[in-house]
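Visitor: Below are the sequence and a predicted model for it; my questions follow.
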Amino acid sequence: MARYRGARLRVVRRLGELPGLSRKSPRKAYPPGQHGQDRKKKSEYAVRLEEKQKLRFNYGLTEKQLLRYVKKARRAGGSTGLVILQLLEMRLDNTVFRLGFGPTIPSARQVVNHGHICVNGRVVSIPSYQCRAGDVITVRDREASKKLVEANLEFPGLANVPAHLELDKAKLTAKVNGIIEREWVALNVNELLVVEYYSRKA
């Protein structure tokens, strides 16, 4: 299935707040659709599916990509759920979003795709690039790139920069100091249910 390009607020109404997908708040507090206001009790499968969908839509992944991250996390050892979140949070598009260089993850992905971001002095236009401790992220030395990022920094998607990132707004540079801690993940998700969803399917 291709990346979702439909109505974002419809997804937010169904799944709850997704800080990476949209900054807007829906006017209606209930899920979309004819039976949005009188939904029956969710099954166990529906609850797990919803948590998985939160990850998919918030980080802008296809089902195939998310499955790949789950398999990678299983091989890594440790808490599979935490490793999945860390892998997703350390993606370049998400890191650019968390620094405030893009107001949402889709717009941060576009900033990366269009070649406005450099990692360790080289232009990286691959949104799924995994940032590592010690990486230096800079805005490309072009007038258009600097203007775009400066405009985005005035209204960042999230107020606080996570502890694992170090931002210098004046120079438009940032450094990755380590891997993100669980408490800094902005998305309200139960990653254990996501792991259960995929373990039942496997």
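Guide: Received it, and whenever you're ready, just let me know what you need. Everything numeric in this text was worked out from a predicted model, so none of it was measured. Numbering: from 1, shown residues only.
Visitor: can you give me the strands for the protein?
Guide: Assigned strands in the chain, in chain order: 117-119, 122-123, 136-139, 165-168, 173-176 (criterion: DSSP state E).
Visitor: Need the winner for burial among the ones you listed.
Guide: Of all the strands of the chain, strand 117-119 has the most neighbours on average by mean count of other Cβ atoms under 10 Å, namely a mean of 21. No exception for glycine: its C-beta is placed from N, CA and C like everyone else's.
Visitor: Can you list the strands that that one pairs with?
Guide: Strand 117-119 has these partner strands in its sheet, going by DSSP bridges: strand 122-123 (antiparallel), strand 136-139 (antiparallel).
Visitor: Any chance of CSV for these, columns distance to residue 183 and mean pLDDT?
Guide: Formatted as CSV, the strands paired with strand 117-119 follow (distance: least, Cβ to Cβ, whole Å; pLDDT from 0 to 100):
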stretch, distance to residue 183, mean pLDDT
strand 122-123, 32, 94
strand 136-139, 22, 94
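Visitor: Of all those strands, which one comes closest to residue 115?
Guide: Of all the strands paired with strand 117-119, strand 122-123 sits nearest to residue 115, with 5.2 Å by Cβ to Cβ.
Visitor: Can you pull out the low-pLDDT segments for this structure?
Guide: In the predicted model of the chain, residues 1-6, 8-9, 12-14, 17, 19-39, 201-202 satisfy pLDDT under 70.
Visitor: Now do the helices in it.
Guide: Ranges of helices in the chain, per DSSP state H, are 8-15, 44-59, 63-76, 80-89, 92-99, 105-113, 143-154, 191-201.
Visitor: Which elements pack onto the longest one?
Guide: Pointing back at helix 44-59 there. Counting by 3 or more Cβ pairs under 8 Å, 6 or more residues apart in numbering; DSSP states H and E, the packing neighbours recorded for helix 44-59 are helix 8-15, helix 63-76, helix 80-89, helix 191-201.
Visitor: For the closest residue to residue 91 other than its chain neighbours, grab the count of nearby residues.
Guide: The shortest distance from residue 91 to any non-neighbouring residue, by Cβ to Cβ, 6 or more residues apart in numbering, is to residue 128 (5.6 Å). As a burial measure, residue 128 scores 17 neighbours (other Cβ atoms under 10 Å).
Visitor: Contact partners for residue 128?
Guide: Residues near residue 128 by Cβ atoms under 8 Å, 6 or more residues apart in numbering: 65, 91-93.
Visitor: hang on, the earlier thing: which of the strands paired with strand 117-119 sits closest to residue 42?
Guide: Of all the strands paired with strand 117-119, strand 136-139 sits nearest to residue 42, with 39.8 Å by Cβ to Cβ.
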